[in-house]
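Student: Give me coordinates for this.
(one chain, ligands or ions: 1)
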Amino acid sequence: MAIRQIRVIGDPCLNKTCKPVVKMSQNMKELIGDMFDTMYEAKGVGLAAPQVGILRRICVVDVMDGDPIVLINPEIIETTGEQTDDEGCLSVPGKVAEVTRPDYVRVRSLDMDMNPVTYEGEGLRARAILHEMDHLEGVLYGDRANEPYRDLDEEEEWEEEE
Ligand code: ZN
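Tutor: Residues are numbered from 1 along each chain as shown. Predicted coordinates for the structure are as follows:
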């Protein structure tokens, strides 16, 4: 396992559509392990493969609810409700912006053995899943935000919202 370098806004990797994972390999497993390590080290609640320069449809999400997940080739099945809150991104350091998203999401994904699996999320978990899935389409949260990026104040750090 290793910490990978997180690409920041302006890096072309963050604006590309990612390709599906066709088979699980040792490399892919290492990538997923590294993505968790990199996310935890950066105190994020999610990370998508393009953020570490790999243009594949993989995300990891852990909103500290005891249920970390890997999303491989995820697809949205259902969304309901609406939530509006500040959002941040490890690839847009020091910034936040208010984003309105569904309050609930259900997604179809593959697990580490490439078997189909379904995940649900509500509140922050839904927000994190949808944010990470946007990365797979080359979309940053600023593209969906209700306002321009703001500087992150000391007292409202994104990490503290966990
Ligand atoms: Zn992000």
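Student: Sheet partners, orientation included, of the longest strand seen in the chain?
Tutor: Secondary structure of the chain per DSSP state E: the longest strand is strand 69-80. Sheet pairing of strand 69-80 (DSSP bridges) gives strand 58-61 (antiparallel), strand 104-110 (antiparallel).
Student: Which stretch among those strands is buried most, on average?
Tutor: Highest mean neighbour count among the strands paired with strand 69-80 (mean count of other CB atoms under 10 Å): strand 58-61, with a mean of 28. Bear in mind the C-beta positions are built from the backbone N, C-alpha and C, glycine included.
Student: Okay, and G66 sits in which element?
Tutor: Per DSSP states H and E, G66 falls between elements, in no helix or strand.
Student: Looking at the strands paired with strand 69-80, which is nearest to A42?
Tutor: A42 sits nearest to strand 58-61 of all the strands paired with strand 69-80, at 11.8 Å, using CB to CB.
Student: if we can go back for a sec, C-alpha coordinates for the longest strand of the chain, PDB please?
Tutor: Provided in PDB are the C-alpha atoms of strand 69-80 (Å, rounded to 0.1, in the frame of the first residue of the first chain):
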ATOM      1  CA  ILE A  69     -17.200   1.100   0.100                       C
ATOM      2  CA  VAL A  70     -15.500   0.600  -3.200                       C
ATOM      3  CA  LEU A  71     -17.500   1.600  -6.300                       C
ATOM      4  CA  ILE A  72     -16.400  -0.100  -9.600                       C
ATOM      5  CA  ASN A  73     -18.300   0.900 -12.800                       C
ATOM      6  CA  PRO A  74     -21.000   2.400 -10.600                       C
ATOM      7  CA  GLU A  75     -24.400   3.500 -12.000                       C
ATOM      8  CA  ILE A  76     -27.100   5.400 -10.300                       C
ATOM      9  CA  ILE A  77     -30.400   3.500 -10.000                       C
ATOM     10  CA  GLU A  78     -32.400   5.900  -8.000                       C
ATOM     11  CA  THR A  79     -32.100   9.300  -6.300                       C
ATOM     12  CA  THR A  80     -34.700  11.000  -4.000                       C
END
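Student: Please identify the buried residues of it?
Tutor: Residues of strand 69-80 classed as buried: I69, V70, L71, I72, N73, P74, T79 (neighbour count, 16 or more other CB atoms under 10 Å).
Student: What of stretch 117-137?
Tutor: Neighbour-count burial for stretch 117-137 flags 117, 119, 121, 124-136 (criterion: 16+ other CB under 10 Å).
Student: could you give the mean pLDDT of the longest strand of the chain?
Tutor: Strand 69-80 shows a mean pLDDT of 98.
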